[in-house]
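Asker: Give me the fold of what follows.
(2 chains)
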Amino acid sequence: MSCAETITNYALRSLGHGERLLPRSDFNLCQQFTLIGSGLIWNLYFAFFALLIGFFFANALALAKASENRWLRGAANGFIFVFRGSPLFIQFFIAYQALVLLPRGGIDIFGVNIATSWLTRAWAGALIVLTLNTAAYSAQIFYGALQSVPKGDLEAADAYGLSGWKKFRRVVWPTMMRLAWPSYTNEAIFLFHATTLVYFAGFPAFQQMGDSLYYASYFADRTFNPFVAYPIVAFYFILCTLALIGLFGIMNRRLNRHLPGATKRLKYRPQIIR
Amino acid sequence: MFEFCADPASLEGMQWTMCYLTTGTHMLFYASFGTVLLLLAITAPVALLFGFGGAMASRSGFLPLRWFGKIYTSMVRGIPDIIFFLFVPLALDQAFEWTRHQFLCDSDAPVRQGNDFIVCAAAKLPLSNSAAWVHDVYGIFLAIIAFSIVFGAFAANVLYGAMQAVPRAQLETAEAYGMSQRQVTRRILIPQMWTYALPGLSNLWMILLKATPLLFLLGVEDIVYWARELGSSKTSAFAYPHPDWRLYYFLGILVFYLLMTWLSERVLGRVTRRLSAGQATMAGERQRKAGVA
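Answerer: Sure thing, here's the model as predicted:
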């Protein structure tokens, strides 16, 4: 089988398209690159949607944590404590076990049947866990940034007659984002790397549709050779991480565009903050 | 454990629970918490040592050594740690066996034959006739090395940053006093860097703590392994039949980790306060003022 054929057969294998059977013997580099790259679709899917949904959720959580209301603050603190204080690996296991316990036939609410079986599949169940997890970590970052919004900025906003939502939208929130962005970049990278855990923690790979590390370990197990498959995943992840840093750097420049001299490149120093 | 546990089928309620929770396999489950703590106790200092080596290497004046240090410290930035956890034990195991194969076997057959990795019986690690505990210890040993390499790289990042943060003037003063490079490093740089390294190292400890369930992926019989084993549904063929209780076992593990992180946070907070006492930093200044007031 030529490499072009391999690509047409396996490029979308992780989504269930193309050849059903995975290669079983005579593994070549082309197959490994194609299948592992195909699995990368899932890593990107999990990272993208978890970050997107988690971002909004984290903002709400950060505001709740900073709110005057005792109950709201307590709830936000509890949520953040549980998700930051326990391993993601265990969270995956618990979520899967809990979701499996839901009735198979779905839940009847006022005669309307709500299906539940899709929740035990990785694309939904693992995404929920990753979203909640990143929301908790990001909320902590955003809360820290919110606390360090300069007093002068708030006074200036008052002087301009801004108040309530307008003040938040125009002054507090942009500053909070600007301050949080370097740490948030770090969190995004951590989350992207954490997506490799999905198929090793509870969630089964339905019909061998897994992520890049799933296929890499498939090859490593079959060939007894860790020196080919794992470096390939590592290569893909380094490329994606660089792209991620680039994207977040563009955003960082935009957030800092009003500050002369602050539009320097976002220097990624991995603060070990997870 | 208790005498009334002799016939599990006749037990009920509280007695059943007590007997159930003290079976032999449950004792192994409780002991596996010790495995996790053991891993932490060994990995933390070894990783710190690796990190120290990595940080020193990236500051070295010798180019190849500096490259090695830079690559070591930056590899964890782009590559997920789980890949290392899967790769390192397997690679190390094969490296050991390959080396032993060169010395202990007299066959000329290549080690890699197609999709197989074949060494002669004498080169196997651990030897196939060794006791079961040797296999367990070897597995844990490989796991500890994998954890130490990954967390050593993280620690190298932290320590490198801390070394860079030590004020340049301090080192220059030491040089002006006629100290050699080695003396400057030993007497000025290393004692001063800890204050700057502590926040990063605290975070690193938390990450290490939360990475310990990954032991399960390395085939070690840790708490996750036992939780899955004990929690899965038991038919009436077992002494203590029960439905699928894995969720409850995992919730127990969750509580264990929450307690550990909560405890660590408190201890690390205290250490930070102790270390910043008398330091010319913001935290130290705040403490001084609070003491006066």
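
Asker: what residues does the stretch 151-293 of chain B put near chain A?
Answerer: Within the stretch 151-293 of chain B, the positions near chain A by C-beta under 8 Å from any C-beta of the partner chain are B:154, B:157-158, B:161, B:200, B:203-204, B:206-207, B:210-214, B:216-217, B:224, B:227, B:244, B:246-247, B:250-251, B:253-254, B:257-258, B:261-262. Where you see a C-beta, it was placed from the backbone N, CA and C, and this is true even at glycine.

Asker: Take the residues you listed and keep only those in helices.
Answerer: Of those, the ones assigned to helices by DSSP state H are B:154, B:157-158, B:161, B:200, B:203-204, B:206-207, B:210-211, B:224, B:227, B:246-247, B:250-251, B:253-254, B:257-258, B:261-262.

Asker: Can I have the buried ones of the residues you listed as a ChimeraX selection?
Answerer: Buried members of these, defined by 16 or more other C-beta atoms under 10 Å in any protein chain shown, are picked up in ChimeraX with:
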select /B:154,157,158,161,200,203,204,206,207,210,211,224,227,246,247,250,251,253,254,257,258,261
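
Asker: For chain B, which segments are assigned as strands?
Answerer: Using DSSP state E, the strands of chain B run over residues B:112-113, B:116-117.

Asker: Ok, the stretch 1-150 of chain A next?
Answerer: A:107-109, A:112-114 (DSSP state E, counting those that start in this stretch).

Asker: between the ones you listed, which gets nearest to chain B?
Answerer: strand A:107-109 (18.0 Å; C-beta to the nearest C-beta).

Asker: for the closest one, the distance to its chain's centre please.
Answerer: 31 Å (C-alpha atoms, centre = their mean, to the nearest Å).

Asker: Also stretch B:235-245?
Answerer: 34 Å.

Asker: so what's residue B:287 scoring on pLDDT?
Answerer: Here, the pLDDT recorded for residue B:287 equals 75.

Asker: oh sorry, the question was meant for residue B:280
Answerer: 58.

Asker: And residue A:58, by the same measure?
Answerer: Looking at residue A:58, the pLDDT reads 96.

Asker: okay, the strands of the stretch 1-150 of chain A in a markdown table with mean pLDDT, mean neighbour count and distance to residue A:24 next?
Answerer: Formatted as a markdown table, the strands of the stretch 1-150 of chain A follow (pLDDT from 0 to 100; neighbours: other C-beta atoms under 10 Å in any protein chain shown; distance: least, C-beta to C-beta, whole Å):
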| stretch | mean pLDDT | mean neighbour count | distance to residue A:24 |
| --- | --- | --- | --- |
| strand A:107-109 | 74 | 10 | 41 |
| strand A:112-114 | 73 | 9 | 41 |
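
Asker: want to throw those into TSV with distance to chain B?
Answerer: Shown next, in TSV, are the strands of the stretch 1-150 of chain A (distance: least, C-beta to the nearest C-beta, whole Å):
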stretch	distance to chain B
strand A:107-109	18
strand A:112-114	21
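
Asker: number of nearby residues for residue 88?
Answerer: In the absence of a named chain, this looks at chain A. 24 (other C-beta atoms under 10 Å in any protein chain shown).

Asker: wait, I meant chain B there
Answerer: Neighbours of residue B:88 under the rule other C-beta under 10 Å: 21.

Asker: I'd assumed residue B:144 was in contact with it.
Answerer: No - checked against C-beta atoms under 8 Å, the pair residue B:88 and residue B:144 is beyond contact range at 10.5 Å.

Asker: Tell me where chain A is predicted with low confidence.
Answerer: A:1, A:261-274 (pLDDT under 70).

Asker: Check the gap between the residue nearest to the spatial centre of chain A and residue B:86 for me.
Answerer: Of all residues in chain A, the one closest to the mean position by C-alpha atoms, centre = their mean is residue A:47, 3.4 Å from it. Distance, residue A:47 to residue B:86, using C-beta to C-beta, to the nearest Å: 19 Å.

Asker: And for residue A:195?
Answerer: Per C-beta to C-beta, residue A:195 is found 15 Å from residue B:86.

Asker: cool, residue A:73 as well?
Answerer: 41 Å.

Asker: Neighbour count for the two, which is higher?
Answerer: Neighbours per residue (other C-beta under 10 Å) separate residue A:73 from residue B:86, with residue B:86 holding more: 26 against 14.

Asker: need the contact list for the residue nearest to the centre of chain A.
Answerer: A:188, A:191-192, A:195 (C-beta atoms under 8 Å, 6 or more residues apart in numbering or on different chains).

Asker: Only the buried subset of those residues, as a PyMOL command please.
Answerer: The following PyMOL line selects those of the contacts of residue A:47 that are buried, judged by 16+ other C-beta under 10 Å:
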select buried, chain A and resi 188+191+192+195
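
Asker: Now, the contacts of residue A:47 that are in helices?
Answerer: Using DSSP H, the contacts of residue A:47 in helices are A:188, A:191-192.

Asker: re earlier: now the strands of the stretch 1-150 of chain A as CSV including distance to residue B:170?
Answerer: Compiled in CSV, those are given as follows (distance: least, C-beta to C-beta, whole Å):
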stretch, distance to residue B:170
strand A:107-109, 66
strand A:112-114, 65
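
Asker: so which of those comes closest to residue B:121?
Answerer: Between residue B:121 and those, the shortest separation by C-beta to C-beta is 58.0 Å, and it involves strand A:107-109.

Asker: List the strands paired with that closest one, with their directions.
Answerer: Strand pairing for strand A:107-109, determined by DSSP bridges: strand A:112-114 (antiparallel).

Asker: so how far is the strand it pairs with off the chain centroid?
Answerer: 30 Å.

Asker: And the contacts of it?
Answerer: A:105-108.

Asker: can you check stretch A:131-151 too?
Answerer: A:49-51, A:53-55, A:57-59, A:61-63, A:65-66, A:76, A:79-80, A:82-84, A:88, A:91, A:172, A:175-177, A:179-180, A:183-184, A:187, A:190-191, A:194, A:273-274.
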